[in-house]
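> Okay, here's the prediction I keep looking at, along with the sequence it came from:
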Amino acid sequence: MNALASAAAALLFAQVRGQTRRSQLTWAIIGTISSFSALLSIQAIYPKTVKEPCPRCEKKREVGKDRCEHCDGEWESPASDGIEMIGMRNTGNVSVSQAVS
């Protein structure tokens, strides 16, 4: 019973973190064998994906992607407020961030 519960939890954890179906099933098998240590491994290896509604189709899409996986709509860039970090410039021993306003 414990193995079944940890397999189901590993499958859910991998799904929430945006893993492929194959990866989800692999983690479920690992969860069956190694019990709840697989859940800790999934949390340590894969960050939880952040999703927001797409402005075009209103379905949840991953924030880190350039296009919506449902409607292929582009993600609009946020408005510039003058504190954007563009790159790093090395000035001797100290790195200074360049801000574009």
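Sure, I can see it.

> what residues are up against residue 13?
27, 39, 42, 43 (Cβ atoms under 8 Å, 6 or more residues apart in numbering). For the C-beta atoms, the positions are set from N, CA and C on the backbone; glycine is no exception.

> Among these, which ones are in helices?
27, 39, 42, 43 (DSSP state H).

> Just the pLDDT at residue 21, thanks.
Residue 21 is assigned 91 on the pLDDT scale.

> what about the helices in the protein?
2-16, 21-34, 37-45.

> wait, which of those is closest to residue 53?
Taking Cβ to Cβ, helix 2-16 is the member of those nearest to residue 53, at 17.4 Å.

> burial count for the closest residue to residue 71 other than its chain neighbours?
Once flanking residues are discounted, residue 71 sits nearest to residue 57: 3.9 Å by Cβ to Cβ, 6 or more residues apart in numbering. Residues near residue 57, counting by other Cβ atoms under 10 Å, number 13.

> can you check residue 80 too?
9.

> Tell me, how many residues neighbour the nearest residue to residue 30 once chain neighbours are set aside?
Leaving aside its chain neighbours, residue 30 sits nearest to residue 38 (4.7 Å; criterion: Cβ to Cβ, 6+ apart). Neighbourhood size, residue 38 [other Cβ under 10 Å]: 23.

> Would you mind confirming that residue 38 makes contact with residue 26?
No. Using Cβ atoms under 8 Å, residue 38 makes no contact with residue 26, being 10.0 Å away.

> re the thing from before, for the helices of the chain, which one sits closest to residue 65?
Smallest distance to residue 65 across those (Cβ to Cβ): 16.4 Å, for helix 2-16.

> How far off centre is the closest one?
18 Å (Cα atoms, centre = their mean, to the nearest Å).

> Pick out the residue nearest the middle of this protein.
residue 49 (2.9 Å; Cα atoms, centre = their mean).

> Quick check: the gap between that residue and residue 22.
Note on residue 49: its distance to residue 22, by Cβ to Cβ, to the nearest Å, is 17 Å.

> repeat for residue 61
22 Å.

> Neighbour count: these two, which is higher?
For residue 61 versus residue 22, neighbours defined as other Cβ under 10 Å are more numerous around residue 61 (22 against 8).
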